[in-house]
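Student: Using only what follows, build the 3D model:
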Amino acid sequence: MSAALTVRERLEPFRPGKDGPWDVAAAAHLARRLTFGSPRKLVQKILELGPRAAPAALLADRDETPEMKAVADSQRRIGSTEAAQTWWAHRMLRGNSPARDKLALFWHDHFATSDTKVRDARLMMDQVQLFLRRGPGPFHFLLKAMAKDPAMLTWLDGNSNRKGEPNENFARELMELFSLGVGNYTEEDIKEAARAFTGWHVKNRRFWFNRRAHDTGPKTIFGLTGNFDGDDILRACLEKRACAEFIAEKLFNYYLGTPVSGELRKAIGELYLAGSHNIGSLVEKLVTSREFYSAHARRSILSSPADFAVGTLRTLDATAVAERLPKEMSRMGMDILRPPSVKGWQKGRAWLNSNTLLSRYRFANSLADSTENSPRIPWDKIKKEGAEGLLTLFFPEGLDAKIRKTIIDETGNDLKLMVTALVELPEHQYI
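Tutor: Okay, here's the model as predicted:
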């Protein structure tokens, strides 16, 4: 793509043929970013739908399969954090809405809530289901729902937020991490907002407005004074231009990963506003853009443990023992439902250190095992495609000739060894 393109031109829809080929490599790029991995059937479906229609089709709401309903019911009955993790990992791997699970994972990091403090796996499952249901819709509805989410209120000490003794935890994270970003509010705004949220409590595992604990006095937020309550504060945050740019930039980083200038930040904020704050609409615009399909946007994001583990298995059309997958991801640095802090996970290069990289290598080696707990890979199908098919499956855009030759020479065309070698490649750590 020409470096001469303006910011607005970079955000215009990708034109197959004019801006680049619409081929298997382009379709696989969309599959890796919008879902997990690039399984052959999904890539073919994307290829047939085209760059404009594919994102909407992938993000569309679908009824859960009977299998996923059964898994959700059984794991909810068990009620442990490990059971809830197993349910979600199973959804990512075998569910029929991987694009929604990928977006839900974004929201899980954005509204980082950990069961280490909530200590109620069912509430954590409810929160994830909220992300799945409302994640692609208007951000207004999602933020308002999260402000009353029992897991969130427990996580940020909602029940200790009372008239005369306001707890600032939720008000602070609302502005700093959930809607505006640092620099777009004052400490006084946080203190006054905390008063507005007094009485937003949890009772019997549900949101409860405790009137006796609510501060009805006048409050001054963003320079305006009134008898504001929590809904008024949420509305005030959502109406600030900073909110549009903050949310749009985080989604841009998640799906595109290319550098964001001040001009680009403003432009993607405008895209968000033009779509009436609808997240699905914004994501579709971002992943159908020229920028998304540019050469420098491809393989530019270091894969999260979910992208790496789930994506690799999905690419191979493999299945895994559901209980093991969250443990594998945890060893790689992502303990789902247990983010390390209110800021979520450190991403990018932070995903790789000596321990987590070793865990990725161990996972790669487990793919060639034939033990009971190892992933089950359809080797018969892979053998039909052969070494060339396997190389194309993982790298449809092509692989450096020297690396390609080394892999073929060192594995002797043994497909099991070749899978391990490909998954261990530095290139495969990026999506």
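Student: what's near enough to touch residue 23?
Tutor: By CB atoms under 8 Å, 6 or more residues apart in numbering, residue 23 lies in contact with 47, 396. In this view, the C-beta of every residue, glycine as well, is placed from N, C-alpha and C.
Student: what's the spacing between it and residue 290?
Tutor: For residue 23, the distance to residue 290 (CB to CB, to the nearest Å) stands at 16 Å.
Student: So residue 202 belongs to a strand, correct?
Tutor: Yes. The assignment for residue 202 is a strand, going by DSSP: H, G, I helix; E, B strand; the rest coil.
Student: I figured it hits residue 153, correct?
Tutor: Yes. Counting by CB atoms under 8 Å, a contact exists between residue 202 and residue 153, whose distance comes to 4.9 Å.
Student: of these two, who's got more company?
Tutor: In this view residue 202 and residue 153 are compared by other CB atoms under 10 Å, and residue 153 has more residues nearby, 25 against 20.
Student: Could you say which helix or strand holds the more buried one?
Tutor: Secondary structure from DSSP states H and E places residue 153 in helix 150-155.
Student: just checking, what packs against that helix?
Tutor: Counting contacts by 3 or more CB pairs under 8 Å, 6 or more residues apart in numbering; DSSP states H and E, helix 150-155 packs against helix 115-118, helix 121-134, strand 200-203, strand 206-209.
Student: So for residue 202 and residue 153, which residues contact both of them?
Tutor: Residues touching both residue 202 and residue 153 (CB under 8 Å, 6+ apart): residue 159.
Student: Near residue 177, how many other residues are there?
Tutor: Neighbours around residue 177, by other CB under 10 Å: 18.
Student: That one: what's it in contact with?
Tutor: When contacts are counted by CB under 8 Å, 6+ apart, residue 177 touches 110, 112, 342, 343.
Student: One more: residue 277?
Tutor: When contacts are counted by CB under 8 Å, 6+ apart, residue 277 is found next to 138, 139, 140, 238, 244.
Student: Test of understanding: give the bridge partners of the first one.
Tutor: The reference is to residue 138. Bridge pairing for residue 138 (DSSP bridges) gives the partners residue 278.
Student: Quick check: the gap between it and residue 279.
Tutor: With the distance defined as CB to CB, residue 138 ends up 7 Å from residue 279.
Student: The fourth one now?
Tutor: The span separating residue 238 from residue 279 equals 13 Å under the rule CB to CB.
Student: what touches both of the two?
Tutor: Taking CB under 8 Å, 6+ apart as the contact definition, residue 238 and residue 279 share the neighbouring residues residue 139.
Student: all strands for the chain, in order.
Tutor: Assigned by DSSP state E, the strands in the chain fall at 200-203, 206-209, 219-221, 224-226.
Student: contacting residues around the last one?
Tutor: By CB under 8 Å, 6+ apart, the residues outside strand 224-226 that reach it are 218, 219, 232, 236.
Student: For it, give the mean pLDDT please.
Tutor: Per-region confidence: strand 224-226 scores 98 on mean pLDDT.
Student: With the second one instead?
Tutor: Strand 206-209 shows a mean pLDDT of 98 in the predicted model.
Student: Same question for stretch 78-98.
Tutor: Rounded to a whole number, the mean pLDDT of stretch 78-98 is 97.
Student: buried residues in that stretch?
Tutor: Going by neighbour count (16 or more other CB atoms under 10 Å), the buried part of stretch 78-98 is 81, 83-95, 97-98.
Student: now that stretch, how far from the chain's geometric center?
Tutor: Between the centre of stretch 78-98 and the centre of its chain there are 15 Å (CA atoms, centre = their mean, to the nearest Å).
Student: would you put the C-alpha positions of it in PDB?
Tutor: Once side chains and other backbone atoms are set aside, the C-alpha atoms of stretch 78-98 remain, and they are given as PDB (Å, rounded to 0.1, in the frame of the first residue of the first chain):
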ATOM      1  CA  ILE A  78     -19.900 -27.500  39.000                       C
ATOM      2  CA  GLY A  79     -19.500 -23.800  39.800                       C
ATOM      3  CA  SER A  80     -15.700 -23.600  40.200                       C
ATOM      4  CA  THR A  81     -13.400 -21.100  38.500                       C
ATOM      5  CA  GLU A  82     -11.800 -24.000  36.600                       C
ATOM      6  CA  ALA A  83     -15.200 -25.200  35.400                       C
ATOM      7  CA  ALA A  84     -16.000 -21.700  34.100                       C
ATOM      8  CA  GLN A  85     -12.600 -21.400  32.400                       C
ATOM      9  CA  THR A  86     -13.200 -24.800  30.800                       C
ATOM     10  CA  TRP A  87     -16.600 -23.700  29.500                       C
ATOM     11  CA  TRP A  88     -15.100 -20.500  27.800                       C
ATOM     12  CA  ALA A  89     -12.100 -22.300  26.400                       C
ATOM     13  CA  HIS A  90     -14.400 -24.900  24.900                       C
ATOM     14  CA  ARG A  91     -16.500 -22.200  23.400                       C
ATOM     15  CA  MET A  92     -13.400 -20.500  21.800                       C
ATOM     16  CA  LEU A  93     -12.300 -23.800  20.300                       C
ATOM     17  CA  ARG A  94     -15.500 -25.500  19.300                       C
ATOM     18  CA  GLY A  95     -18.300 -22.900  19.500                       C
ATOM     19  CA  ASN A  96     -20.000 -21.500  16.400                       C
ATOM     20  CA  SER A  97     -19.300 -17.800  17.200                       C
ATOM     21  CA  PRO A  98     -15.500 -17.500  17.500                       C
END
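Student: Now restrict the contacts of strand 224-226 to buried residues only.
Tutor: Applying 16+ other CB under 10 Å to those, the neighbour count classes 219, 232, 236 as buried.
Student: from those, which is closest to residue 4?
Tutor: residue 236 (40.7 Å; CB to CB).
Student: tell me the pLDDT at the closest one?
Tutor: Per-residue confidence at residue 236 stands at 98 (pLDDT).
Student: Do I have it right that it meets residue 222?
Tutor: Yes. Residue 236 is in contact with residue 222 according to CB under 8 Å; the separation is 5.7 Å.
Student: so what's the residue most central in space within the chain up against?
Tutor: Among the residues of the chain, the one closest to the centroid is residue 106, at 2.7 Å (CA atoms, centre = their mean). When contacts are counted by CB under 8 Å, 6+ apart, residue 106 is found next to 135, 250, 251, 254.
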